[in-house]
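A.B. asks: generate coordinates for the sequence data below:
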Amino acid sequence: MTSSAEHSPERPDGAAVPDVSDAPARRGRVRARRASVMAVPATLVAAGLAVMTAEGALGVQFAISGMPFTVTATDLKGTGFAQFGDLREMAEGSPNAGDTGGQVLVVKSVIKDATLTKLCQSVDLGGTNLLIKAGGGAKKVRATDLTTDSTELSGDAAFKNIEIGNDASKLNKAGPLGKGPIGVFSQQSDTVRIKNLRQTNYATTAGVFKLPGLKLSFSEKGC
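C.D. replies: Sure thing, here's the model as predicted:
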């Protein structure tokens with residue numbers, strides 16, 4: 001008698017069905033590798049660059065789409081700032097997962113109260129960009145509990161009363177949303193200002209988000 005282990009199952013067309021029995025193990029290894037680099041955002045702090053990011057304003061960790069978007073502003077001013085590393089998860093089976101296991105390593109920060117000048121946000125939809133602009137006039141964009149998960153940032157940053165190297169679970173300058181996981185490198189400050197801000201983000205939330213002069217359009221170019 002021949003053991004069933006000696007035969008690969010076949011599809012109706014006769015082709016062998018790939019063995020996916022080790023898929024959970026592969027996903028586990030991906031998670032372990034990505035968790036091991038949680039301290040990477042420390043290099044951004046050392047470079048003097050701040051990123052607006054944080055947990056969702058309502059404390060909900062929603063599944064990200066996996067599509068990055070660009071955010072720019074000529075000037076950002078904020079009070080109550082915190083920053084730490086985190087992992088974000090895409091929805092199960094997302095076509096944007098690629099070889100990442102559906103995870104994205106981000107810099108997570110919180111700004112308790114923020115003002116932005118000439119805000120621009122764009123996402124590439126494949127040949128065209130969805131473009132959102134606001135705060136270009138006398139009234140600026142204002143937000144409370146502003147949160148964003150980012151992977152890249154450029155700009156000229158300045159902080160007041162900055163603390164670098166805190167345990168993320170002990171942060172207290174940005175309110176309850178500004179606390180991270182225990183054992184994770186972080187920074188916080190009383191205020192933050194970033195001129196010529198440019199970010200690549202995967203998520204943004206806010207308790208209140210006021211966008212004067214809001215304009216939504218499609219464009220060949222992004223921000």
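
A.B. asks: can you tell me the SS state at Ala158?
C.D. replies: Here Ala158 takes the strand state, with states given by DSSP: H, G, I helix; E, B strand; the rest coil.

A.B. asks: tell me what the residue nearest to the spatial centre of the chain is bridged to.
C.D. replies: Centroid check for the chain by C-alpha atoms, centre = their mean gives Asp149 as the closest residue, at 1.9 Å. As for beta bridges, Asp149 partners with Lys108, Ala203 under DSSP bridges.

A.B. asks: hey, which helix or strand in this structure has the poorest pLDDT?
C.D. replies: Using mean pLDDT, DSSP states H and E, the weakest-scoring helix or strand in the chain turns out to be helix 41-46, at a mean of 34.

A.B. asks: one step back: thought the residue nearest to the centre of the chain was touching Arg88?
C.D. replies: Yes: assessed by C-beta atoms under 8 Å, Asp149 is found in contact with Arg88 at 5.4 Å. C-beta: built from backbone N, CA, C; applies to glycine.

A.B. asks: identify the contacts common to these two.
C.D. replies: Residues within reach of Asp149 and of Arg88 at once, by C-beta atoms under 8 Å, 6 or more residues apart in numbering, are Ile64, Val104, Val106, Tyr202, Ala203.

A.B. asks: looking at those, which one is closest to Lys112?
C.D. replies: Ala203 (18.0 Å; C-beta to C-beta).

A.B. asks: relative to Arg88, how far out is the closest one?
C.D. replies: 7 Å (C-beta to C-beta, to the nearest Å).

A.B. asks: what is in contact with the two at once?
C.D. replies: Ile64, Val106, Asp149.
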